[in-house]
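[1] next one to model:
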Amino acid sequence: HGKNSMLVLRPADANETTVAWEMALNNTDSPSALILSRQNIANLPGSSYEFAKKAEMGAYVVEKDSDTPDVVLLASGSEVSTLIAGAEKLRAEKGLKLQIVSVISEGVFRNQDKAYQAEVLPVGVPRFGMTAGLPVTLEGLVGENGKVWGLDHFGYSGPYTVLDEKFGFTAENVFNQVTELLK
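    From the prediction side, this is the model:
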């Protein structure tokens, strides 16, 4: 019937989680899955319930420096905060203009019209994605000229701060990966 077979939602903060919960409750076409983080995550800068309502589109711009960014950073869940931390260093040390995107649901985003998709992910602009899951989950959104930092393994346990450092989910690695992408 042209509808997604499942609604998968990975919110980035408490406000997005509220929106995701509403989306799941209102979804009568398929099963819904909310993928939440175990660690404490601060709300995104400037976040509010009203701002997070944009998540209903599947992906939306959480920070935008310019109508013509040098690079688009995209993630879902807790990695959005990691991108924001890395963006501070990219702006300060490289002078880059950035667009940061929260992708709460790739499936919902892909159902939006092409004009909205191009507004969120401008054509011809390099893209860097970060996911604590398999890179394939964002590869379709970053495109062939983009890059995704993700995991190709599972099963490690330990404090998330240790694991984030070990596996490169840090502001420093965002800086390094984007710098390498733009060479």
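[2] next structured bit after the helix or strand of the chain with the lowest mean pLDDT?
    Ranking every helix and strand in the chain by mean pLDDT, DSSP states H and E puts helix 160-167 at the bottom, with a mean of 90. Next along the chain after helix 160-167, taking DSSP states H and E as the criterion, comes helix 171-181.
[3] rewinding a little: got the angle between the least confident helix or strand of the chain and helix 171-181?
    Helix 160-167 runs at 20 degrees relative to helix 171-181, counting by axes from the mean of the first three to the mean of the last three C-alpha atoms, to 10 degrees.
[4] buried ones in helix 160-167?
    Within helix 160-167, the residues that count as buried by 16 or more other C-beta atoms under 10 Å are residue 164. For glycine as for every other residue, the C-beta is placed from the backbone atoms N, C-alpha and C.
[5] centre of the chain versus that helix, how much separation?
    18 Å (C-alpha atoms, centre = their mean, to the nearest Å).
[6] now stretch 117-128, how far from the chain's geometric center?
    13 Å.
[7] buried residues of it, list them for me.
    117, 119-121, 125-128.
[8] got the contact list for that stretch?
    Outside stretch 117-128, the residues that touch it by C-beta atoms under 8 Å, 6 or more residues apart in numbering are 57, 59-61, 68-74, 99, 101, 109-110, 141-143, 145-149, 174, 177-178, 181-182.
[9] repeat that for stretch 11-18.
    With C-beta under 8 Å, 6+ apart as the criterion, stretch 11-18 contacts 19-20, 34, 36, 41-44, 47-49, 51-52, 55, 62, 75-81, 102, 104.
[10] packing partners for the lengthiest helix in the chain?
    Criterion DSSP state H: the longest helix present in the chain is helix 79-94. Judged by 3 or more C-beta pairs under 8 Å, 6 or more residues apart in numbering; DSSP states H and E, the packing partners of helix 79-94 are strand 59-64, strand 71-75, strand 98-103, strand 127-130, helix 171-181.
[11] so where's this protein shaky on pLDDT?
    Within the chain, no stretch has pLDDT under 70.
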